[in-house]
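In: build me a structure from this.
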Amino acid sequence: IIDRTVSTDAHGARVENGVALLDTLTLGKLAIHDVPVFVHDLSKTSIGGCLIDGVLGSEILPVGNWRIDVEAGILTIASDRAALDIADDAETADLHVFGYPYTPYFAMQFENGMESKAMFDTGSGELFALCPPEFESLEKHRGFKRQRRIHGYGSIGESLGGAAPAADLTKVRLQELAVGAVAIGEVVATLRPRAPSLLGADVLRHFVVTLAYPEGKAYFERRDGRPRALPTFGFGPAFAADSVTAAFVWEGSSAWHAGLRAGDRLVRIDDVDLESVPPDERCRVVREVMKVLGENDTVKLSFEGEQGPRTAGIRKESPDLRP
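Out: Just a heads-up that it's a prediction; the model follows:
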C-alpha cells in the first residue's frame, strides 16, 4: 500500500481504499504494466468475498476495443476494431467519454421525445435504472403518467460500503427506450435514488456489445426481439454473518402474496438450509442460494416474520406493467 483514499460508493457510504501499484495486470493475452489499483477487502461485503475477487474499472477501457459476448462467455480485447468479429448488421451508438475515469455514457431517448444520457454500468443487474431527474421529467408527460407501477420495499444492490439503505422501491414501464439510434423497445425500469441513470448488465442478454473507445462508438449486435424483464421470485436475499434475510420484496409477487416482507429471516430455500450459517460455510451457502434462485422456476420457501414461521411454494413471474 503506497497511499490511501477516502470517497463515497454508489449508495453514498464513506469508503476508505488503499492504493497500490501492480507490476503487471494480465487479461488473456493482454499485459498492462505499472497499473495503479484500489485495494479493498471484498470479504467485508455480503457476497463479494464469495463470488468475485475484484472489479475491472472503466479507467482501463481506453487501451482498445472491448467486445462483450455473455452468451459465449468471452471478452475480446483488440487494439484494432477491425480484428473483432462484429456482425455486418450491428447497430451503432455514439460513445460519450468525459475524461478520467473514462466511464462510458450513451445518449438515451424516451417515448415522449425526451433525451438524456445514461452510464453503461455492468455492476447494475437491471436493463435500465432510472434516476430522479429523468423520472420527474417523464412524469410531466401525460402518456407516461398513465403507466402502471410496481412498488416494493427494501435494499437493492450493494457497493463497497455495504448494502443500499432500505427504502420504498418502484418499477415503471417505459413504452419506448433507445440507446442512440439502437431501439431497445419496451422496458420495465427500476427507479434508483441517485443520478445518473444506468444502462445495466441485463442489456448483454439481448446484445453483444462492443465498446470501441478509439473511435468513440459502440456496436450492438442484436440477439433477439425487444428485451423483456426477466421473471423473478419478487425478492432478493441479504447475507449477514450467520443468517440470511429478505433484502427486498416487490408487492404483488408470489413471495409477497406468501407473506414475505423485507427483513424477514429466511430459514430454507428448497434443500438449502439457512437456519444457521457457520462462518466457514457462508460462501457455500451464498453460491447454493444464488444457483437455486437463478436456475429454478419454483421454490419452497420457509421464513420467519411478524406473523411467525411460514412455508410456501413461490414461482417466478414477469412484472406485468401493461396499461
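
In: just the residues contacting the longest helix out of those in the chain, thanks.
Out: Ordering each helix of the chain by length in residues (DSSP state H) puts helix 282-295 first. The contact list for helix 282-295, computed with Cβ atoms under 8 Å, 6 or more residues apart in numbering, reads 46-47, 49-51, 233, 237, 239, 241, 244, 269-270, 272, 274, 277, 299. C-betas here are computed from N, CA, C, even on glycine.

In: buried among these? Need that as a selection in PyMOL.
Out: Command for PyMOL, covering only those of the contacts of helix 282-295 found buried under the criterion 16 or more other Cβ atoms under 10 Å:
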select buried, resi 46+47+50+233+237+239+244+269+272+274+277+299
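
In: which one among the contacts of helix 282-295 gets closest to Lys29?
Out: Nearest to Lys29 out of those is Leu51 (Cβ to Cβ; 25.4 Å).

In: now do the closest one against Asp297, distance only.
Out: Leu51 is 23 Å from Asp297, where distance means Cβ to Cβ, to the nearest Å.

In: got it, and Gly157?
Out: Counting by Cβ to Cβ, the gap from Gly157 to Asp297 is 24 Å.

In: more neighbours, the two?
Out: Gly157 (18 against 9; other Cβ atoms under 10 Å).

In: residue ranges with poor pLDDT in this structure?
Out: In the predicted model, the chain carries pLDDT under 70 at residues 142-143, 145-146, 225-228, 320-323.

In: where along it do the helices fall?
Out: Under DSSP H, the chain gives helices at 48-51, 132-139, 142-145, 254-257, 282-295.

In: what residues does the first one touch?
Out: With Cβ under 8 Å, 6+ apart as the contact definition, helix 48-51 has outside contacts at 41-43, 158, 282-283, 286-287, 290.

In: again, 6 Å this time
Out: 42-43, 283, 286 (Cβ atoms under 6 Å, 6 or more residues apart in numbering).

In: and it, how far out from the chain middle?
Out: Remark: helix 48-51 is offset 16 Å from the chain centroid, using Cα atoms, centre = their mean, to the nearest Å.

In: enumerate every residue touching the residue nearest to His11 when sequence neighbours are not counted.
Out: Closest residue to His11 apart from its sequence neighbours, by Cβ to Cβ, 6 or more residues apart in numbering: Ala164 at 4.5 Å. By Cβ under 6 Å, 6+ apart, the contact list for Ala164 reads 11, 155-157.

In: mind picking the two most distant members of the residues you listed?
Out: Farthest pair in those, by Cβ to Cβ: His11 and Ile156, 9.9 Å.

In: so between the two, which is more surrounded?
Out: Taking neighbours as other Cβ under 10 Å, His11 and Ile156 compare with Ile156 leading, 23 against 20.

In: quick check, that one in contact with Phe248.
Out: Yes. Counting by Cβ atoms under 6 Å, Ile156 touches Phe248, with 5.4 Å between them.

In: please report how far Gly49 lies from Gly28.
Out: Gly49 is 25 Å from Gly28, by Cβ to Cβ.

In: strands of the stretch 51-200 of the chain, start to end?
Out: Here the stretch 51-200 of the chain has its strands, by DSSP state E, counting those that start in this stretch, at 65-69, 74-78, 91-94, 96-97, 104-110, 115-120, 128-130, 149-154, 158-159, 162-163, 167-179, 182-191, 197-199.

In: good, we can wrap up now.
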